[in-house]
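Enquirer: Test case, fold it:
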Amino acid sequence: MNRIHTIQYLRAIAALAVVALHAGARVEGALPGGVSALLNLGHAGVDLFFVISGFVMWGGTRHRETAPGRFLLRRAIRIAPPNWIATQCWIAHGAGLGYGWIQITPAHVLQSRGCVPHL
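Expert: This next block holds a predicted model:
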């Protein structure tokens with residue numbers, strides 16, 4: 001599939017909206033009310049990001065015969081190693097700086113490595 005650059009730009013905007021939402025949540029008390037309300041639009045960024053990602057995945061595989069198991073295996077091989085590296089970096093960062101709001105437990109680490117949502 002040829003790249004549709006505008007879709008990729010829109011996906012980047014959606015991802016940045018989610019990052020802004022999470023960053024704004026950490027400093028919400030220091031932000032003016034209007035800014036906090038604006039950053040809450042980042043919730044829509046999650047939906048937009050996943051819709052666009054689904055379209056990109058469909059476009060990249062629509063002309064291939066791929067069994068579901070093989071597709072999932074290829075996705076896991078592509079997604080898991082960067083996730084594990086990011087998790088290790090986050091653990092090192094959180095443990096090294098000792099932020100009070102970061103709680104690193106074995107359960108959280110396993111959930112993160114398994115791509116299981118948790119709070």
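
Enquirer: the bottom helix or strand of this structure by mean pLDDT?
Expert: Scoring the helices and strands of the chain by mean pLDDT, DSSP states H and E places helix 33-39 at the bottom, with a mean of 78.

Enquirer: Residues touching it, excluding its own?
Expert: Applying Cβ atoms under 8 Å, 6 or more residues apart in numbering, the external contacts of helix 33-39 come out as Ala20, Leu21, Gly24, Ala25, Glu28, Leu31. Where C-beta positions appear, they are placed from N, C-alpha and C, glycine not excepted.

Enquirer: In terms of pLDDT, where does the third one sit?
Expert: Spelled out, that is Gly24. Note for Gly24: predicted pLDDT of 82.

Enquirer: Leaving out the residues flanking it, which one is nearest to it?
Expert: Among residues not flanking Gly24 along the chain, Leu39 sits closest, at 3.6 Å (Cβ to Cβ, 6 or more residues apart in numbering).

Enquirer: and if you look at the last one?
Expert: Taking Cβ to Cβ, 6+ apart as the measure, Leu31 lies nearest to Gly24, with 6.4 Å between them; neighbours along the chain are not counted.

Enquirer: returning to that earlier point: got the CA positions of the next helix or strand after the least confident helix or strand of the chain in PDB?
Expert: Where DSSP states H and E defines the elements, the next helix or strand beyond helix 33-39 is helix 42-61. Provided in PDB are the C-alpha atoms of helix 42-61 (Å, rounded to 0.1, in the frame of the first residue of the first chain):
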ATOM      1  CA  GLY A  42      -6.800  14.000  24.200                       C
ATOM      2  CA  HIS A  43      -9.400  11.300  25.100                       C
ATOM      3  CA  ALA A  44     -10.600  11.600  21.600                       C
ATOM      4  CA  GLY A  45      -7.000  11.100  20.400                       C
ATOM      5  CA  VAL A  46      -7.100   7.600  21.700                       C
ATOM      6  CA  ASP A  47     -10.200   6.700  19.600                       C
ATOM      7  CA  LEU A  48      -8.800   8.500  16.500                       C
ATOM      8  CA  PHE A  49      -5.400   6.800  16.800                       C
ATOM      9  CA  PHE A  50      -6.900   3.300  17.000                       C
ATOM     10  CA  VAL A  51      -9.300   4.000  14.100                       C
ATOM     11  CA  ILE A  52      -6.400   5.200  11.900                       C
ATOM     12  CA  SER A  53      -4.200   2.400  13.000                       C
ATOM     13  CA  GLY A  54      -6.900  -0.100  12.100                       C
ATOM     14  CA  PHE A  55      -7.200   1.500   8.700                       C
ATOM     15  CA  VAL A  56      -3.400   1.300   8.200                       C
ATOM     16  CA  MET A  57      -3.200  -2.300   9.200                       C
ATOM     17  CA  TRP A  58      -6.200  -3.200   7.000                       C
ATOM     18  CA  GLY A  59      -4.600  -1.400   4.000                       C
ATOM     19  CA  GLY A  60      -1.300  -3.100   4.500                       C
ATOM     20  CA  THR A  61      -2.800  -6.600   4.600                       C
END
